[in-house]
Every structure is written in structure tokens, then in C-alpha cells.
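**Student:** Need coordinates for the following:
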Amino acid sequence: MPVAGLISWATLAVASFLMGARLPLIAVFFVPSIPVPLALLIDRMRGNTGLKPDNRHNPILQLFMRFITVTGLLIPFVILAARAAHNPALLVLGLAILSGMVWVPHGWGADDRAGFIHFILRTVLCYLAYLFTPSGLQVCAIAAATAASYLYAIAAMKKPEEATHSADSVF
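**Tutor:** Presented below is the predicted three-dimensional model:
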């Protein structure tokens, strides 16, 4: 899934850089929604089966899906805040941080601290991008920060062959 996240958020960063204020705001709603289906597509292309019908009974997958639901329920708050502030960068900031919350149960379920660290790194980078980037480049910078956090996830996450072994402590 981190490759799919990297692709979607990097695409938004490039599109925002090239289009600036002409970027349709609806585009930012697709970006946090794309990684899961894109990851399933990438898995299929690599010959993996992806989700199986019996996976729906897996408690870790259920927790992951519930976090996606929680994130979805918080999105209207981000929309309202961005509208009230007349600041589309707040929308992207909120979507980037909230959609990163799914990494917390993912990392816990995989017994891999990389998921939690990815969420912390992503959140801090997004706040820094929002606070220290000129307003015309904030959307681009937040999307780029989110994409950069996926580079950590790709490097640090347990690989399938490592998943059966206990992870070394990163703290």
C-alpha cells in the first residue's frame, strides 16, 4: 500500500505545482481514496490475490476498515474548517493527516512500528509544510510531504518474508 500512497500523493503534488489555484478542489478528495484500490490493483498485477472473501472475518482488517470509516466521518469537519477559513490548503492538510490515521492500526496489526512512525512523520511533515510554505505552494508542499512520508514506510515496513519474525525495536 505505501507504493500506491506515494503514487497518489506525488501526483497531487505535481498537479498542484503545475496547475496552482486552477486545480479543481474535487481532485484532493480522490487522492486519499485511491491508495487502497490502487494497492489491490498493484497486488493483482504482481500475481497476489489481494483481499479474499474470508479476510472479512480478520479482526485486524476489521479494525483497519473501521479506521477508514472514522476518517470518513471526520472529513466533513475538515471541509467546514477549510470553508470557514477560505483556505483550501487546510482541506489538504486535514485530508493528509486524517487519511494517515489508518497506519496506526495497520502497524499495530502487523506488529510493525513503522506504521505508527509513518503516521507521526507524515503529520509533522504536513504541519511543517503548511506552516512554513508560501500560501500559493501549500497544497503542493503538503502533498509532497505526504508522498515523502511514504518513502519512509516503503523502506521501514516489514517485507512479507520478515512479517513472520518479530521486529527489532526502533525506539
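
**Student:** longest helix of the chain?
**Tutor:** helix 59-85 (DSSP state H).

**Student:** from the middle of its chain, how far away would that one be?
**Tutor:** 12 Å (CA atoms, centre = their mean, to the nearest Å).

**Student:** in that helix, what counts as buried?
**Tutor:** 63, 64, 67, 68, 71, 75, 78, 82 (16 or more other CB atoms under 10 Å). The way it works is simple: take the backbone N, C-alpha and C, and place the C-beta from them, glycine included.

**Student:** Pull the contacting residues for the residue nearest to the spatial centre of the chain.
**Tutor:** Centroid check for the chain by CA atoms, centre = their mean gives residue 100 as the closest residue, at 4.3 Å. Residues near residue 100 by CB atoms under 8 Å, 6 or more residues apart in numbering: 118, 119, 122, 123, 146, 149.

**Student:** Give me the nearest residue to residue 109, chain neighbours excluded.
**Tutor:** residue 60 (3.3 Å; CB to CB, 6 or more residues apart in numbering).

**Student:** ok now do the one you found, which residues does it touch?
**Tutor:** 105, 109, 110.

**Student:** nearest to residue 157, of those residues?
**Tutor:** The closest of those to residue 157 turns out to be residue 110 (CB to CB; 7.7 Å).

**Student:** Just give me the neighbour total for that closest one.
**Tutor:** 15 (other CB atoms under 10 Å).

**Student:** my guess is it meets residue 159, correct?
**Tutor:** No. Using CB atoms under 8 Å, residue 110 is not in contact with residue 159; the gap is 11.0 Å.

**Student:** thinking again about what came up before, show the average pLDDT along the longest helix of the chain.
**Tutor:** Averaged over helix 59-85, pLDDT sits at 89.
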